[in-house]
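Asker: below: sequence and its predicted model.
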Amino acid sequence: MIFATLEHILTHLSFSIVSIVIAIHLMILSVHEIIGLRHSSEKGMLATFFSLTGLLVIRWISLRHFPLSNLYESLIFLSWSFSIIHMVSKLWNHKNDLSTITAPSAIFTQGFATSGLSSKMHQSAILVPALQSQWLMMHVSMMLLSYAALLCGSLLSVAFLVITFRKNIDIFFRRKNVLILIKSFFFRKIQYSNEKRSVVKSTSFLSFPNYYKYQLIQRLDYWSYRVISLGFTFLTIGILSGAVWANEAWGSYWNWDPKETWAFITWTIFAIYLHTRTNQSLHGTNSALVASIGFLIIWICYFGINLLGIGLHSYGSFT
């Protein structure tokens, strides 16, 4: 009874805190000069991390097994993974470019787990024999950490594509304005000095707003590559540990189960992404497109298969 009460309190506490963090981030995006709110949002994410950690520990103690046996627990762990990525990225990067990705991801994931799933799915049943293994913690935790990291990196790539697309449109219209000014110089006989100032002003691609966009694009590309590389490492460890566990439980390392098949497809997509990063000509837009495709593949692998509830990995399904 005590564990259930504590779990209920920590669930709603973490959800409330991360909701406040989202509101603070929206205010920061509107008013860049608010420095105090930025520190408050970081403290809020820290409180969310500890709340989710306490929730998982309490559930672990009360259930006497690692809380990764159903869809609800995996979603809570995924939300915890987003919060820990936020904390680690804060240590690496004081500007914390990932904060606009990790905080909304944490609240949407936990919100769906808390409100989108029925109360019956919140309860953990007795583990089936195949799940009564020490490999449960290793395999499932690595897979969910990889999903969180790959999702964050993919979203950064999506943001990279959006900003690059808008930048290209701006450059197109600026060049169009230059042509108009050149025509006006010849046909309207505007004074050369005024025309020169207008052309320089219109073609100043290194003005402050454009330079800021250039820096932002470079940071998005940098962090997307770093986070996806980390997620790919976790994914590789998760697949290998799952193969060992499958051989222990079912007598075969690989069974081409739907979950296994889509995990292999996910691994292949991000292996292609990392390969494109080794080629200088494929940097930027091409690699970002591959990562954007990977974003959809991850959700099919993690969530789409659960909707069907088929195969050997049906323990985390809706049914």
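Answerer: Thanks, I have it.
Asker: drop to CA atoms for contacts and neighbour counts, all remaining ones
Answerer: Will do.
Asker: would you map the helices across the stretch 201-319 of the chain?
Answerer: 208-250, 258-278, 285-299, 305-308 (DSSP state H, counting those that start in this stretch).
Asker: give me the below-cutoff pLDDT ranges for the stretch 201-319 of the chain.
Answerer: 201-214, 309-319 (pLDDT under 70).
Asker: need the helices of the stretch 201-319 of the chain in TSV with mean neighbour count, can you?
Answerer: Formatted as TSV, these follow (neighbours: other C-alpha atoms under 10 Å):
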stretch	mean neighbour count
helix 208-250	18
helix 258-278	18
helix 285-299	20
helix 305-308	17
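Asker: any chance of these in a markdown table, plus distance to Ile163?
Answerer: Output for the helices of the stretch 201-319 of the chain, formatted as a markdown table (distance: least, C-alpha to C-alpha, whole Å):
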| stretch | distance to Ile163 |
| --- | --- |
| helix 208-250 | 7 |
| helix 258-278 | 20 |
| helix 285-299 | 11 |
| helix 305-308 | 32 |
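Asker: who wins for proximity to Ser157 among the ones you listed?
Answerer: Nearest to Ser157 among the helices of the stretch 201-319 of the chain is helix 285-299; the distance by C-alpha to C-alpha comes to 4.8 Å.
Asker: what about dumping the CA coordinates of the closest one to PDB?
Answerer: Provided in PDB are the C-alpha atoms of helix 285-299 (Å, rounded to 0.1, in the frame of the first residue of the first chain):
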ATOM      1  CA  THR A 285      21.300  17.400 -45.800                       C
ATOM      2  CA  ASN A 286      21.900  13.800 -47.100                       C
ATOM      3  CA  SER A 287      22.800  12.400 -43.700                       C
ATOM      4  CA  ALA A 288      20.000  14.400 -42.000                       C
ATOM      5  CA  LEU A 289      17.500  12.800 -44.500                       C
ATOM      6  CA  VAL A 290      18.600   9.300 -43.500                       C
ATOM      7  CA  ALA A 291      18.300  10.200 -39.800                       C
ATOM      8  CA  SER A 292      14.800  11.600 -40.400                       C
ATOM      9  CA  ILE A 293      13.800   8.300 -42.000                       C
ATOM     10  CA  GLY A 294      15.200   6.500 -39.000                       C
ATOM     11  CA  PHE A 295      12.900   8.500 -36.700                       C
ATOM     12  CA  LEU A 296       9.900   6.800 -38.300                       C
ATOM     13  CA  ILE A 297      11.600   3.400 -38.300                       C
ATOM     14  CA  ILE A 298      12.200   3.600 -34.500                       C
ATOM     15  CA  TRP A 299       8.600   4.200 -33.800                       C
END
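Asker: and the angle from it to helix 258-278?
Answerer: Helix 285-299 runs at 170 degrees relative to helix 258-278, counting by axes from the mean of the first three to the mean of the last three C-alpha atoms, to 10 degrees.
Asker: and this structure, what are its domains?
Answerer: Per automatic domain parsing, the structural domains of the chain span 1-120, 135-160+208-319.
Asker: so can I have a markdown table of the ones you listed showing distance to Leu127?
Answerer: Shown next, in a markdown table, are the domains of the chain (distance: least, C-alpha to C-alpha, whole Å):
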| stretch | distance to Leu127 |
| --- | --- |
| domain 1-120 | 7 |
| domain 135-160+208-319 | 9 |
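Asker: pull the contacting residues for Ile293.
Answerer: Ile269 (C-alpha atoms under 8 Å, 6 or more residues apart in numbering).
Asker: kindly recompute the last result at 10 Å.
Answerer: Ser154, Val158, Thr266, Ile269, Phe270, Tyr273 (C-alpha atoms under 10 Å, 6 or more residues apart in numbering).
Asker: would you mind measuring from the fourth one to Leu308?
Answerer: To Leu308, Ile269 is 23 Å away according to C-alpha to C-alpha, to the nearest Å.
Asker: for the second one, same thing?
Answerer: Relative to Leu308, Val158 is positioned 28 Å away (C-alpha to C-alpha).
Asker: try the first one
Answerer: Here the criterion is C-alpha to C-alpha. By it, Ser154 lies 25 Å from Leu308.
Asker: what does the fifth one give?
Answerer: In this structure, Phe270 and Leu308 are 24 Å apart, going by C-alpha to C-alpha.
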